[in-house]
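Colleague: sequence isn't available, so here's the structure alone:
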């Protein structure tokens, strides 16, 4: 379909595959999500959550995080099922916002994703080295840094192969992840003390206290960080079998499964280890709380064994995170919204080489930064970077697409729309609004806005070189609609 001079050019076509092969089924997709969601997260953030709330009422943080993940997951489920392309949010933002701002929003998403996805992975490697310190108490700073960098290099090496091999590796690591978490839960249940788990300090639930809401906002941030990864398979939409059915189910199944695991893990841990120990930086429970649970209940030998499983779990989370994240710049480059070299696939195994390599390097840099700063602050920083362009904009995109592309085939539609969208939007705003107050002196909001502003400048330079909006005509590509359904709006 053509338009006159200065008018947007609108086209519709069959959904792209980009050279990928659909080989990942429901079990493997759910395993990929759950491996990324669980990982080392809860094993290092339980003490952070307790410190934020100041007592065992910290379980509120995991519940709040689950509610936000479920509501946001329904956004991902509808968008992913309707537009199962490679790149996740990039695809959705490109389709929703192209009518007014051209390629600005997808460009900004890729710009921020190239930072926050590797930073998430870097926290997993920090946790890996942290738990390794339980097995090797004399591990020094330099040795830990070198080991962490070696882990990242090994992940990249294993990902440098075909998706069918990766799916099998992921299924094995998912089994190890489930085993490690279940062993900690069972061990905690064998020596559970309701007195420890359910005795709260004075004013623990004082809703009129500013201290409570500061703790809630910090806990919500930590909680959603622990659930991040429920959207991993959405980044791999072009590689998912029957995406209209598999993508929504993999997202919802993984969130519900991990929610049950986290609540059992958090309550069980609080019933074995006095929460005061978790806030003492000189106590092993503040850095390796799961190992402390096993040591107290089943002895040092069992603690060592489960710690090894936790290390494998941490490795699996970094593995699956970089697997999905490396697909983000690929689709953008293929659509001329990011640097062209990122569109190149490996000639044999068909995976995006430069995206994987770049995110591996940024993960290594983030790991070194995390090793020499505070883990809670690093979580706060990476969360604020992703909130505006991914979380909030994507929720808006869902509503925009329902209005702009009513003919879009939606195999799954959000339950109770628009209520989950509203709850998710409010939750992300709470996280962002309290970021500076929960990280005094670190200014995460200012850093996120500065990165976003720099991205806008980069977009202007890019669009000038590419001669696209605002330096050229808008090119509207409704690629998930047929030519008859695509209309000028």
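Modeller: Noted; the coordinates are in hand. Just so it is clear, the model here is predicted, and its values are computed rather than measured.
Colleague: pull out the buried residues from the lengthiest helix in the chain.
Modeller: Longest helix of the chain, by residue count under DSSP state H: helix 104-135. Residues 104-134 are the ones in helix 104-135 that count as buried (16 or more other Cβ atoms under 10 Å). In this view, the C-beta of every residue, glycine as well, is placed from N, C-alpha and C.
Colleague: same question, stretch 445-454
Modeller: By 16+ other Cβ under 10 Å, the buried positions in stretch 445-454 come out as 445, 447-448, 451.
Colleague: average pLDDT across that stretch?
Modeller: On average, the pLDDT along stretch 445-454 is 91.
Colleague: same question for stretch 247-264.
Modeller: The pLDDT scores in stretch 247-264 average 91.
Colleague: measure stretch 400-414 end to end?
Modeller: By Cα to Cα, to the nearest Å, the extent of stretch 400-414 from end to end equals 14 Å.
Colleague: re the thing from before, can you list the buried residues of stretch 445-454 in a markdown table and add secondary structure and distance to residue 242?
Modeller: Compiled in a markdown table, these are given as follows (DSSP: H, G, I helix; E, B strand; the rest coil; distance: Cβ to Cβ, whole Å):
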| residue | secondary structure | distance to residue 242 |
| --- | --- | --- |
| 445 | helix | 41 |
| 447 | helix | 41 |
| 448 | helix | 37 |
| 451 | helix | 37 |
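Colleague: ok, those vs residue 81, which is closest?
Modeller: Of all the buried residues of stretch 445-454, residue 81 sits closest to residue 448, with 29.7 Å by Cβ to Cβ.
Colleague: what helix or strand is the nearest residue to the closest one once chain neighbours are set aside on?
Modeller: Spatial nearest neighbour of residue 448, excluding adjacent residues (Cβ to Cβ, 6 or more residues apart in numbering): residue 384 at 4.2 Å. Taking DSSP states H and E as the definition, residue 384 sits inside helix 375-386.
Colleague: tilt between that helix and helix 104-135?
Modeller: On the basis of axes from the mean of the first three to the mean of the last three Cα atoms, to 10 degrees, helix 375-386 is oriented at 170 degrees to helix 104-135.
Colleague: contacts for helix 375-386?
Modeller: 44-45, 48, 51, 112-113, 115-116, 119-120, 122-123, 126-127, 218, 221-222, 224-225, 366, 369-370, 431-432, 435, 438-439, 442, 444-445, 447-448, 451 (Cβ atoms under 8 Å, 6 or more residues apart in numbering).
Colleague: next structured bit after it?
Modeller: For helix 375-386, the following helix or strand on the C-terminal side (DSSP H and E) is helix 393-404.
Colleague: helix, strand, or coil at the nearest residue to residue 209 once chain neighbours are set aside?
Modeller: Closest residue in space to residue 209, ignoring its immediate chain neighbours: residue 203 at 6.4 Å, by Cβ to Cβ, 6+ apart. Taking DSSP: H, G, I helix; E, B strand; the rest coil as the rule, one finds residue 203 in the coil state.
Colleague: quick one, strands of the protein?
Modeller: 9-12, 475-478 (DSSP state E).
Colleague: please list all residues in contact with the nearest residue to residue 398 once chain neighbours are set aside.
Modeller: Distances taken as Cβ to Cβ, 6+ apart place residue 75 nearest to residue 398, at 5.4 Å, with adjacent residues excluded. Contacts for residue 75 (Cβ under 8 Å, 6+ apart) come out as 394-395, 398, 414, 420-421, 424.
Colleague: tell me the contacts of residue 421?
Modeller: So residue 421 contacts 71, 74-75, 395, 398-399, 414 (Cβ under 8 Å, 6+ apart).
Colleague: try it again at 6 Å.
Modeller: Residue 421 makes contacts with residue 395, as judged by Cβ atoms under 6 Å, 6 or more residues apart in numbering.
Colleague: from residue 250, how far off is it?
Modeller: 20 Å (Cβ to Cβ, to the nearest Å).
Colleague: thinking again about what came up before, tell me, how many residues neighbour the residue nearest to residue 448?
Modeller: Counted with other Cβ atoms under 10 Å, residues neighbouring residue 384 total 24.
Colleague: distance of it relative to residue 259?
Modeller: From residue 384 to residue 259 the distance is 24 Å (Cβ to Cβ).
Colleague: can you read off the pLDDT for residue 120?
Modeller: 87.
Colleague: alright, that wraps it up for me.
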